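Novice: Structure, please.
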Amino acid sequence: MVAVLLLSFHRTAAVVHEREEVMFYAHPQEYTLSVEELIDYYSQEYGVDRDVMYNVMWCESRGKIDAVGTSGEYGVYQYMPATFEMFSAHFERPMAWKSTVDQVELTAWAFSQNLHSH
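Specialist: From the prediction side, this is the model:
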């Protein structure tokens with residue numbers, strides 16, 4: 001599967017917030033995956049329901065990667081900075097609040113831990 005192969009490089013990824021896609025940089029080539037493809041990958045990786053992840057994303061942002069809420073929520077899952085920081089503390093690497101990749105992975109992880117509200 002292409003998404004699995006490409007995501008093996010995502011730890012060194014840089015996210016570009018343009019249109020409805022995410023750009024991965026894995027020297028020397030560039031790869032793109034849509035938000036839906038990220039949800040497909042991370043829901044499988046964390047063993048959570050892909051449809052639930054997609055539906056929550058759709059309710060939160062309609063898939064708009066740079067969506068901003070009225071209280072400062074950001075991204076496809078509309079995380080507040082404090083909530084994102086609290087959840088991402090469980091990872092042994094830094095995560096970026098405005099990264100679509102990190103928001104999707106963090107949401108999949110949160111769902112796998114039964115932390116369904118953010």
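
Novice: drop to CA atoms for contacts and neighbour counts, all remaining ones
Specialist: Noted.

Novice: now L106, nearest residue through space, not along the chain?
Specialist: S88 (6.8 Å; C-alpha to C-alpha, 6 or more residues apart in numbering).

Novice: Now do the end-to-end distance for stretch 89-106.
Specialist: Using C-alpha to C-alpha, to the nearest Å, one end of stretch 89-106 lies 10 Å from the other.

Novice: which parts of it are buried?
Specialist: By neighbour count on 16 or more other C-alpha atoms under 10 Å, the buried set for stretch 89-106 is M95, W97, K98, S99, T100, V101, D102, Q103, V104, E105, L106.

Novice: Need the contact partners of that stretch.
Specialist: Applying C-alpha atoms under 8 Å, 6 or more residues apart in numbering, the contact partners of stretch 89-106 are 15, 22, 35, 38-39, 42, 65-66, 74-77, 79, 81, 84-85, 87-88.
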